[in-house]
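A.B. asks: make a model of this:
(2 chains)
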Amino acid sequence: AQSVTQLGSHVSVSEGALVLLRCNYSSSVPPYLFWYVQYPNQGLQLLLKYTTGATLVKGINGFEAEFKKSETSFHLTKPSAHMSDAAEYFCAVSDRGYGGSQGNLIFGKGTKLSVKP
Amino acid sequence: SAVISQKPSRDICQRGTSLTIQCQVDSQVTMMFWYRQQPGQSLTLIATANQGSEATYESGFVIDKFPISRPNLTFSTLTVSNMSPEDSSIYLCSVGVASNQPQHFGDGTRLSIL
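C.D. replies: Model prediction:
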């Protein structure tokens, strides 16, 4: 069965600094991976996804993530943090029918990003 | 992407009562999902609701506690029955097309039980 581990429940960076949010996955089949962001009192918004093809994927708001099969990782990065990036970020892997409802998402525990002025 | 509307956006309920949450989508979708997000926690799938069939519940969730309806391809409801303080959570619906496509989420229903 698939699983997701996000290292660091809380990450704090200064405005303008690099953002790095870590995500490792476990999957017995080639994974479909997603990053979502949740702002206070809102639902989840898709940042980016990896299914097949290019391993470096670009998303909205200047975020990107790189799929590294050898490291089973899908870390999220942004070169320069902005105050508006403060939110909670969730990494997720799609259940492809193994051990759960096909197509559902298995989420990591989330990483809360704080941006200091 | 689909626009998803959830109602109510928040509610405060008394112990022992039930609340029905509605999820309306602006286009026809095959898969609809209901998630629970307990305070400070990640999302956990409650059930998958596909039109024309019974909802499929995940381990730890039962139909008597969380009955779900899916009358058509644009609408679903989740009822939280006989509520207790432990049911205080955010409940989110999402829609999906296929496992290699992202799900899109509503803004959630923030539920507090007194």
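
A.B. asks: any weak-confidence spans in chain A?
C.D. replies: Applying pLDDT under 70 to chain A flags the ranges A:96-103.

A.B. asks: cutoff 80 now
C.D. replies: A:1, A:28-29, A:95-104 (pLDDT under 80).

A.B. asks: so residue A:57 makes contact with residue A:48?
C.D. replies: Yes: under the criterion of Cβ atoms under 8 Å, residue A:57 makes contact with residue A:48 at 5.0 Å. The way it works is simple: take the backbone N, C-alpha and C, and place the C-beta from them, glycine included.

A.B. asks: what is in contact with those two at once?
C.D. replies: A:64-65 (Cβ atoms under 8 Å, 6 or more residues apart in numbering or on different chains).

A.B. asks: residues from chain B in reach of chain A?
C.D. replies: Residues of chain B lying close to chain A by Cβ under 8 Å from any Cβ of the partner chain are B:1, B:4, B:6, B:31, B:33, B:41-45, B:47-48, B:56, B:58, B:92, B:94, B:96, B:98-100, B:102-108, B:110.

A.B. asks: ok, 6 Å please
C.D. replies: Residues of chain B found near chain A (Cβ under 6 Å from any Cβ of the partner chain) are B:31, B:33, B:42-43, B:45, B:48, B:56, B:92, B:96, B:99-100, B:102-103, B:105-108.

A.B. asks: may I see the PyMOL selection of the buried members of the residues you listed?
C.D. replies: Entered in PyMOL, the line below selects the buried ones among the residues of chain B next to chain A, by 16 or more other Cβ atoms under 10 Å in any protein chain shown:
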select buried, chain B and resi 31+33+42+43+45+48+56+92+96+99+102+103+105+106+107+108
